[in-house]
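Visitor: just the structure for this:
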Amino acid sequence: MKKKAISRQAKHMVDLEIRHRINAGREVVKEQGAFFARHFGQVSSEWKKDLSRVTFADIAISENIFSALIKSFPKDNFCSEEMSTKESPIHLNGDFSWILDPVDGTNNYALGFPLCAISLALLYEGMPIYGILYDYSIDSVIEGGAGHGLHQNNQALNLISKELRSQEIVGMQFPLEPKILELCAPILEKFKIRAFGSSALLSTWVAKGYLWGAIDTRSKVWDIAASYAFAEAVGNSFNFIEKSPFPLHTFHTSIPKCPYFTGDKDFFEEMEGILI
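Guide: Okay, the predicted model is just below:
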C-alpha cells in the first residue's frame, strides 16, 4: 500500500512539472509572434553547409525562447536546429528536454510566403509529450499532446471529420530521392498532392484534419517533434519509414533525417504496403 501511495505521489509531481513547462512553453512561443511578424519577408539570410537557409530571425528566436525557459528549468536539455553543437552531440540527461525549430519553412519566411511556423516540443524521457506551434499563416498557437487533446488559441479544436472530406488529400515534401519517388509513384497517381515548404505545418495539418495524411522523407527531429505529439493528441499514427529517432538520447545539428508518414488508421493501412 505504501509503495502505491509513493508511486501516485511521484506521478502527481511529474504531472505538475509537465503542466508548469507547458504553460511556460506556450507563453514564450506567443511572445515571439510579434518579432516573427516584424521580420517576415524582410530578414536577410545565409546558406548553411547543407544548403538550407538560415536567417537572423532563426538564431534570435532560438536564443529568446531558450534563454527564457532556462531561467525556470535550468536542469532541462535544450536543443535547437540553429544551435552550435560543433563536433560533440548533446546527451539528453535528466527527464525533460526541449526541441525547437525557431523558423520552420525558412525559405517561405525569407521570401514573404506565409506558410511558416515556430515549432517547440517538450520531451519526457526522450519522447515528445507536448507540442506548441505558432502558425504564422493564421496567427495562431496550436498545442497538444496525448491526454491533452489539440487546442488552438486555448480553445479545443473541432477536427474535420472524415465524413466531411470531399476527397483524400495527401501532403508531401519535395524533392524526392529516386528510390523514394519510385515507391511513391502509386500515391502520386492515386491522390491529390499538396506541398507547402514547411514540415511542421504539413504534419500539423494532418492532425487538424485538413490533410488525410502526409509523407515527408526530408524531415529532421526538430521538424516533427511537436507534430508527433499532435498526432498522439488526436489518435493518429506517426510511422517512421526507417528507425525512429524517439526516444531521443543524443542531439546534434547534423542528426540524420527521419522520414515518416502520418495519418489516421485508414491512411496507415493504405501506406503500409507501399512504404513499409
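
Visitor: which of the helices and strands in this structure ranks last by mean pLDDT?
Guide: When the helices and strands of the chain are scored by mean pLDDT, DSSP states H and E, strand 45-47 comes last with a mean of 64.

Visitor: any stretches of the protein with poor pLDDT?
Guide: 1-6, 45-53, 84-87, 161-167 (pLDDT under 70).

Visitor: for the stretch 101-250 of the chain, which segments count as strands?
Guide: When secondary structure is read from DSSP state E, counting those that start in this stretch, the stretch 101-250 of the chain shows strands at 117-124, 127-135, 140-145, 149-152, 155-156, 169-172, 192-194, 213-216, 237-240, 250-251.

Visitor: as CSV, these with mean neighbour count and distance to residue 19 would be great.
Guide: (Each C-beta comes from the backbone N, C-alpha and C, glycine too.) Rendered in CSV, the data for the strands of the stretch 101-250 of the chain read as follows (neighbours: other C-beta atoms under 10 Å; distance: least, C-beta to C-beta, whole Å):
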stretch, mean neighbour count, distance to residue 19
strand 117-124, 27, 11
strand 127-135, 25, 10
strand 140-145, 23, 11
strand 149-152, 17, 14
strand 155-156, 10, 17
strand 169-172, 22, 32
strand 192-194, 13, 35
strand 213-216, 27, 29
strand 237-240, 20, 23
strand 250-251, 18, 24
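
Visitor: which one of those lies nearest to residue 261?
Guide: Distances from residue 261 to each of those were compared by C-beta to C-beta, and the smallest falls on strand 213-216, at 4.5 Å.

Visitor: return the distance of that closest one from the chain's centre.
Guide: Here the centre of strand 213-216 is set off from its chain's centre by 13 Å, with C-alpha atoms, centre = their mean, to the nearest Å.

Visitor: ok so, going back, format the strands of the stretch 101-250 of the chain as TSV; extra columns: distance to residue 40.
Guide: Compiled in TSV, the strands of the stretch 101-250 of the chain are given as follows (distance: least, C-beta to C-beta, whole Å):
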stretch	distance to residue 40
strand 117-124	12
strand 127-135	12
strand 140-145	15
strand 149-152	20
strand 155-156	25
strand 169-172	22
strand 192-194	22
strand 213-216	23
strand 237-240	29
strand 250-251	28
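
Visitor: which among these is found nearest to residue 275?
Guide: Closest approach to residue 275 among the strands of the stretch 101-250 of the chain is made by strand 213-216 (7.1 Å; C-beta to C-beta).

Visitor: before we move on, the earlier item: figure out which of the strands of the stretch 101-250 of the chain is closest to residue 179.
Guide: Go through the strands of the stretch 101-250 of the chain one by one with C-beta to C-beta and the one that ends up closest to residue 179 is strand 213-216, at 13.9 Å.

Visitor: so which elements touch the closest one?
Guide: Where contact means 3 or more C-beta pairs under 8 Å, 6 or more residues apart in numbering; DSSP states H and E, strand 213-216 is packed against strand 169-172, helix 199-208, strand 260-263, helix 265-275.

Visitor: for residue 128, see how far away the residue nearest to residue 169 when sequence neighbours are not counted is.
Guide: Spatially, and ignoring its direct neighbours in sequence, residue 169 is nearest to residue 192 (4.9 Å; C-beta to C-beta, 6 or more residues apart in numbering). In this structure, residue 192 and residue 128 are 29 Å apart, going by C-beta to C-beta, to the nearest Å.

Visitor: torsion angles phi and psi at residue 157?
Guide: Taking degrees, to the nearest 10, you get phi -80, psi 140 for the backbone angles of residue 157.
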